Structures are given as structure tokens and as C-alpha cells.
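*Asks:* Okay, sequence plus prediction incoming.
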Amino acid sequence: MVHLKRLLAPRFWKIPKKVKKWVVTPRPGPHKKFECIPLLILLRDILKLVDEAKDAKKIIKSGEVLVDGKPRKDHKYPVGLMDVVAIPKLKKLYRVVPTSYGLSPINIPKKESNLKLCRINGKTLLKKGYVQLNLHDGRNIQIPVKDPRNPKEDIYKTGDSILIEVPEQKILEHIRMEPENLAIITGGQNMGMIVRIKDVIKTRSREPNKVLCKGVDKEFDAIKDYVFVVGTKKPVITLEGKVV
């Protein structure tokens, strides 16, 4: 489908609903359709760097917009959770983070231009002693394991986060999903809240696993898939919100 009806677009796109009938739809890619922002919408409607779609397309097609260190020339390219967007000529640098109203870009310092935090959504055992980490943004990283049958060698677990260097995908830091670590909520009514993990609850039913979280003024249960670990005593990257 080339276009999307404006009335169906997520509110965090910040587009006027009744000016026109259609809006550009994100290209299939690393993020789900309604959990991302097309590059054109990001530049024109959210960041307001241009006034017209044709101006946004011109900038994007010229390769002046980088996502995770790589130039993206498709104005429909989907920008999603924790993606780093850079526009070197304008000296602009952003990271897309969850907020109470949806995804939103925030300004980040230059030293974080090549840093990205990724959540491990799954693992795949490969041949010749390697395991593949399947990350939340569709990328995969292969790492060696000495003995996959030995639990002590199972360092990276589903739900953990890794700080990587982009675009090389070099792993810089590993943050476990465990009590006392910090996390940000990526979905549900508490979306965007920075919390401290109190416990990880494994359910023995069809219900999803949950995480007991402590916020600034309350405690609550969150679906494990909505909990994105971001640090231990403080976040390893720049985020908005008060640290618990």
C-alpha cells in the first residue's frame, strides 16, 4: 500500500488529520508499521526542519540523513525505538525514545552519535559454536559460545540489553534484566516511564511473563516485552524522564 489514511496514523506522528486524506506509509522494515515514523514525517511534521514534503524528499534522497550511522535515501524508511538519526550538515543528532504519548526524537550529545541500545528479543543457535542474538530492531549479531549446553556459558538472555557501536555492531556493554537495574517502559499505560526493576515474574500459563517495576510514585506490573533495560545505577544513554 502506497499511502495511509491520516485518520489511522498514530498520534505521535503529529500530522494534521483533516487537511488531506492520505499520508505516506512506512516501508516494511526493522520496525512494525504503527511503531515507527517514516523519515519524511520525522523531518517535516515532528522536527519541522522543512515545510513541504518535496523538500524533505530532496534532503533524504541526497543521502544527508543517517539512521544508525548509515545514509537512508528512502523517504518512507521506518525510524523506530532507540534509532539514532543524524543530519551532519545541520549538526542535528536525535534518538527516538518512548514517551507517554508515543515515540519521540530527543536531542543527544555528539559522543553518543555511534551508540545504540538494543533489546535481545530472541536467540538462535548456529553451527560451529556460535549463537545469534536477535535484536528488537531486526538486526542480528553472531557471537561465539564455548559450550551452548552449559548454562554458565549462557551469558546473554532474552530481555537483556546490549549497547552496541553502529554501524559496526560491536558490543560495548551488556545489561541484564534483573532486580535493581533501570528500564524504560515501551508500551501500555506507563509508556515512557523510567523504572527500577524489583522482580521478574515468570508465569506458568498463557499469560505473558511480567516484571514488577518501581516508578517515581508507584509500583506496578508490566508485560516483560514492554520493559527495555537501559542501565544499572543510571541509563547508559541519554533519555528523558526522572531516574528512580
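*Replies:* Received, thanks. Residues are numbered from 1 along each chain as shown.

*Asks:* Which of the three states applies to residue 45?
*Replies:* helix (DSSP: H, G, I helix; E, B strand; the rest coil).

*Asks:* residues touching it, list them.
*Replies:* 13, 14, 15 (C-beta atoms under 8 Å, 6 or more residues apart in numbering). For every residue, glycine as well, the C-beta is placed using N, CA and C.

*Asks:* go again using 10 Å as the cut-off
*Replies:* 9, 13, 14, 15, 16, 23, 37, 38, 53, 56 (C-beta atoms under 10 Å, 6 or more residues apart in numbering).

*Asks:* filter these to the buried ones?
*Replies:* Among the contacts of residue 45, the ones that count as buried by 16 or more other C-beta atoms under 10 Å are 9, 13, 14, 15, 23, 37, 38, 53, 56.

*Asks:* can I assume the fifth one sits in a strand?
*Replies:* I take that to be residue 23. Yes - when classified by three-state DSSP, residue 23 is found to be part of a strand.

*Asks:* pLDDT (mean, whole number) over the lengthiest helix in the chain?
*Replies:* Scanning the chain for the longest helix, with DSSP state H as the assignment, gives helix 53-61. When pLDDT is averaged along helix 53-61, the result is 96.

*Asks:* Tell me the helices and strands packed up against it.
*Replies:* strand 22-24, helix 39-41 (3 or more C-beta pairs under 10 Å, 6 or more residues apart in numbering; DSSP states H and E).

*Asks:* Now do the same contact list for the residue nearest in space to the middle of the chain.
*Replies:* Compute the mean C-alpha point of the chain, and by C-alpha atoms, centre = their mean the closest residue is residue 81, 2.1 Å away. Residue 81 makes contacts with 30-32, 35-36, 95-98, 103, 117-119, 136-137, 184, 186-187, 228, as judged by C-beta under 10 Å, 6+ apart.

*Asks:* so how far is the longest strand anywhere in the chain from its chain's centroid?
*Replies:* Looking across the chain with DSSP state E, the single longest strand is strand 115-125. Centroid separation between strand 115-125 and its chain, computed with C-alpha atoms, centre = their mean, to the nearest Å, is 11 Å.

*Asks:* just to revisit the earlier point, just give me the closest of the contacts of residue 45 to residue 163.
*Replies:* residue 37 (22.7 Å; C-beta to C-beta).

*Asks:* Bridged to that closest one, which residues?
*Replies:* residue 79 (DSSP bridges).

*Asks:* Could you report the separation of residue 219 from residue 212?
*Replies:* Look at residue 219 and residue 212: by C-beta to C-beta, to the nearest Å, they are 7 Å apart.

*Asks:* The two: which is more packed in?
*Replies:* residue 212 (15 against 11; other C-beta atoms under 10 Å).

*Asks:* Which element, helix or strand, includes residue 132?
*Replies:* Assessed by DSSP states H and E, residue 132 sits inside strand 130-135.

*Asks:* Other residues contacting that strand?
*Replies:* 30, 82, 116-126, 139-145, 148, 153-156, 158, 160-162, 164, 169, 171.
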